[in-house]
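Novice: no FASTA, just this:
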């Protein structure tokens, strides 16, 4: 049983193919879009586009793989046993955090220290000096604080996640006695709660402010971080589900049944609705109070009653793909227990929230110059390929089932 | 239809005994009227061969009715019947109506489902229900087997005792009171289910 999963050749081919396709797109952008051209706002649209697309994709994919560790820690703290049978998949997804974290840090450091004021307007020192709002925020929005805080956060995600994974791998070669099992669960709970504190203070508050919300640097919303978190969490669950379905298809994960699929489907359903709740709360309060400094964010996207904005289509497509579709398709019990439907919905949700991040980043940087061309679709392939590579490496180098997990029995007999 | 019926009632004190008993009773061809448990027992409906409830479909229909009522009424009031200028907003102010539409959706589906549930279980104020065993609300799992003219009660009694029931007795009760009494559909026992 403890034999390792051998990655099929098709998986490796796809991984390499996606990485190569992504690298081609990156190289194309690098040559054609002059990424190091002068960074004035609206001056070199193509170089802005290069960095905006990289920012959108790196942050999106980093947050969704990190959401896997959040899922693991949340279930650990809640003493949840049902996920034990596919725990290794969750860990595998989260093992992509170091690689994507380093990439993301490189990209945002290049943006910040390259003085790309077209991405982050608050980098423009002369503008900040004459701007009451921006100078008020400058204690928080300045390159030094931004960089230090980002590095610390990513390193903490990485180290705490690594600790959680190594705790799990420890049990592979030894049977735990009752007392040892209790102690092991306790250790897990302690480390999971530490991760949770860091996660809350980063993903659920400061990190989306720094990385994404500061693009629209005059604007702020207290809903924004929760909204980003919900977006990344539901996509993270979808990603875990995809890998679970893939492995099940390959005849692995013998203890995963329709019951587990049903619960993962419930998570996708519930957090799609949670995302909508936050999306709507943010939208309605701003729409209702109708303050110019707040409505600016939506005017840039959907426009006004007189003139439609450049992102109107994407803005409402976002709502349809991330709310209406999961609501109506995942509502029935039968669809949540159907492997094909869930696989389809997982892909749809990951794509939908990628669109969501697209409309978070593009309006503030490119305005009406944003595009949906092969470059925009090529860069995510690189990140998907890298995720597949790290996940595949983790899955093939460790046993796929945590056989000595104290709650494994609970997961095997799990019944929704 | 309402009618006086005879039941053989067995009380079990262990879930682990109850499940094989349910299986064997169905296998022997007796008709289980119902099993009363102090708490929801996972998988018991499946073991009893009950069909999936359609209560949630009813809930969906009520929710759609609630959503339509809310949006229909508000749009009629604010665009046709009594248009008002509220903060310069358009008369058809959809975002402002969403919370109310949501509330009515939830209200309709919740109340509708409770009433439907009461109908299906034949519960209503002032209706006396026959209790097969008072400890069904405390610590016993109570199985009632419906008898026909041809049923040999002592045989069923013995069967239940053999299946592990702690107490077995024969009771007479009225089986339904409402028009179109909801007879729980039961699938015939099949070996491959288990």
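Specialist: Received the coordinates, thanks. In this text, all values refer to a predicted model and were calculated from it rather than measured experimentally. Numbering: from 1, shown residues only, chains lettered A, B, ... in the order given.
Novice: okay, CA-based contacts and neighbour counts for the rest of this
Specialist: Will do.
Novice: ok, longest helix in chain B?
Specialist: In chain B, taking DSSP state H as the definition, the longest helix is helix B:94-120.
Novice: Quick check: mean pLDDT of that one?
Specialist: The average pLDDT for helix B:94-120 rounds to 94.
Novice: Now do the buried residues in that helix.
Specialist: B:95, B:98, B:101, B:103-109, B:112-113, B:116 (16 or more other CA atoms under 10 Å in any protein chain shown).
Novice: which ones are touching the residue in the stretch 151-300 of chain A positioned nearest to chain B?
Specialist: Residue of the stretch 151-300 of chain A nearest chain B, by CA to the nearest CA: residue A:284 (6.0 Å). Going by CA atoms under 8 Å, 6 or more residues apart in numbering or on different chains, residue A:284 touches B:95, B:96.
Novice: if you set the cut-off to 10 Å instead, what comes out?
Specialist: By CA atoms under 10 Å, 6 or more residues apart in numbering or on different chains, the contact list for residue A:284 reads A:278, A:290, B:94, B:95, B:96, B:98, B:99.
Novice: The strand or helix carrying it: which residues count as buried?
Specialist: Element membership for residue A:284, per DSSP states H and E: helix A:258-289. Residues A:258-276, A:278-284, A:286-287 are the ones in helix A:258-289 that count as buried (16+ other CA under 10 Å).
Novice: just the angle between that helix and helix B:94-120, please?
Specialist: Interaxial angle, helix A:258-289 versus helix B:94-120 (axes from the mean of the first three to the mean of the last three CA atoms, to 10 degrees): 140 degrees.
Novice: Near chain B, which residues of the stretch 251-400 of chain A? Just list them.
Specialist: A:280-281, A:283-285, A:287-290, A:305, A:331-333 (CA under 10 Å from any CA of the partner chain).
Novice: pLDDT weak spots in chain B?
Specialist: Low-confidence segments of chain B (pLDDT under 70): B:1-3, B:175-194.
Novice: same check, this time on the stretch 151-300 of chain A
Specialist: In the stretch 151-300 of chain A, no residues with pLDDT under 70.
Novice: Sketch out the strands for it, chain order is fine.
Specialist: With DSSP state E, counting those that start in this stretch as the definition, the stretch 151-300 of chain A shows no strands.
Novice: need the helices for it, in chain order.
Specialist: A:178-201, A:207-211, A:224-249, A:258-289, A:292-302 (DSSP state H, counting those that start in this stretch).
Novice: So what's the residue count around the closest residue to residue A:310 other than its chain neighbours?
Specialist: Leaving aside its sequence neighbours, residue A:310 sits nearest to residue A:368 (CA to CA, 6 or more residues apart in numbering or on different chains; 5.4 Å). Residue A:368: 14 surrounding residues under other CA atoms under 10 Å in any protein chain shown.
Novice: so how far is stretch A:132-143 off the chain centroid?
Specialist: 27 Å (CA atoms, centre = their mean, to the nearest Å).
Novice: Got phi/psi on residue A:49?
Specialist: With angles defined as degrees, to the nearest 10, residue A:49 sits at phi -60, psi -40.
Novice: you'd agree it is up against residue A:362?
Specialist: Yes: using CA atoms under 10 Å, residue A:49 is in contact with residue A:362, at 8.3 Å.
Novice: Quickly find the element holding the most centrally placed residue in chain A.
Specialist: By CA atoms, centre = their mean, chain A has its centre lying nearest to residue A:64, at 2.3 Å. Using DSSP H and E, residue A:64 sits in helix A:45-77.
Novice: If I take that helix and helix A:224-249, what angle do their directions form?
Specialist: Using the same axes, to 10 degrees, the inter-axis angle of helix A:45-77 relative to helix A:224-249 is 70 degrees.
Novice: what inclination does helix A:45-77 have with respect to helix A:178-201?
Specialist: Going by the same axes, to 10 degrees, helix A:45-77 makes 150 degrees with helix A:178-201.
Novice: Would you pull up how far helix A:45-77 lies from the middle of the chain?
Specialist: The answer for helix A:45-77 is 4 Å, by CA atoms, centre = their mean.
Novice: downstream neighbour of that helix in the secondary structure list?
Specialist: Using DSSP H and E, the helix or strand that directly follows helix A:45-77 along the chain is helix A:87-94.
Novice: which strands and helices sit next to that next one?
Specialist: Judged by 3 or more CA pairs under 10 Å, 6 or more residues apart in numbering or on different chains; DSSP states H and E, the packing partners of helix A:87-94 are helix A:45-77, helix A:143-170, helix A:224-249, helix A:374-397.
Novice: what comes up buried for the next helix or strand after it?
Specialist: Later in the chain than helix A:87-94, the nearest helix or strand by DSSP H and E is helix A:97-113. By 16+ other CA under 10 Å, the buried positions in helix A:97-113 come out as A:97-98, A:100-105, A:107-109, A:111-112.
Novice: pLDDT on helix A:97-113, on average?
Specialist: Here helix A:97-113 scores 96 as its mean pLDDT.
Novice: which secondary structure elements does the next helix-or-strand element following that helix contact?
Specialist: Moving toward the C-terminus from helix A:97-113, the next helix or strand (DSSP H and E) is helix A:125-129. Helix A:125-129 is packed against helix A:132-137, with contacts defined by 3+ CA pairs under 10 Å, 6+ apart.
Novice: quick one on the thing from earlier: so for the helix holding residue A:64, what's the average pLDDT?
Specialist: In this model, helix A:45-77 has an average pLDDT of 95.
Novice: Quick one: work out the angle between the helix holding residue A:284 and helix A:292-302.
Specialist: Relative orientation of helix A:258-289 and helix A:292-302, computed by the same axes, to 10 degrees: 130 degrees.
Novice: Does residue A:15 touch residue A:388 like I think?
Specialist: Yes: contact criterion CA under 10 Å: residue A:15 and residue A:388 qualify, at 6.0 Å.
Novice: Now do the shared contacts for the two.
Specialist: Listed as contacting both residue A:15 and residue A:388 by CA under 10 Å, 6+ apart are residue A:382.
Novice: one step back: intersection of neighbour lists for residue A:49 and residue A:362?
Specialist: With CA under 10 Å, 6+ apart, residue A:49 and residue A:362 have common neighbours A:55, A:119, A:369, A:370, A:371.
Novice: and the residue in the stretch 51-200 of chain A that chain B sits nearest to, how many neighbours does it have?
Specialist: Across the stretch 51-200 of chain A, no residue is closer to chain B than residue A:82, which sits at 15.1 Å (CA to the nearest CA). Neighbours of residue A:82 under the rule other CA under 10 Å: 23.
Novice: Kindly report the same for the one 4 residues further on.
Specialist: As a burial measure, the neighbour count of residue A:86 was computed by other CA under 10 Å and equals 24.
Novice: now the strands: where do they sit in chain B?
Specialist: B:4-12, B:31-36, B:141-146, B:167-174 (DSSP state E).
Novice: Any buried residues in stretch A:41-49, and which?
Specialist: A:41, A:44, A:45, A:46, A:47, A:48, A:49.
Novice: Derive a PyMOL selection command for the buried subset of the shared contacts of residue A:49 and residue A:362.
Specialist: The following PyMOL line selects those of the shared contacts of residue A:49 and residue A:362 that are buried, judged by 16+ other CA under 10 Å:
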select buried, chain A and resi 55+119+370
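Novice: Check the shared contacts of residue A:49 and residue A:362 and tell me the two furthest apart.
Specialist: The distance between the two most remote of the shared contacts of residue A:49 and residue A:362 (CA to CA) is 16.5 Å, for A:55 and A:369.
Novice: Domain ranges for chain B, per the record?
Specialist: Following automatic domain parsing, chain B resolves into domains at B:4-53+B:136-183, B:55-120.
Novice: Understood, closing this out.
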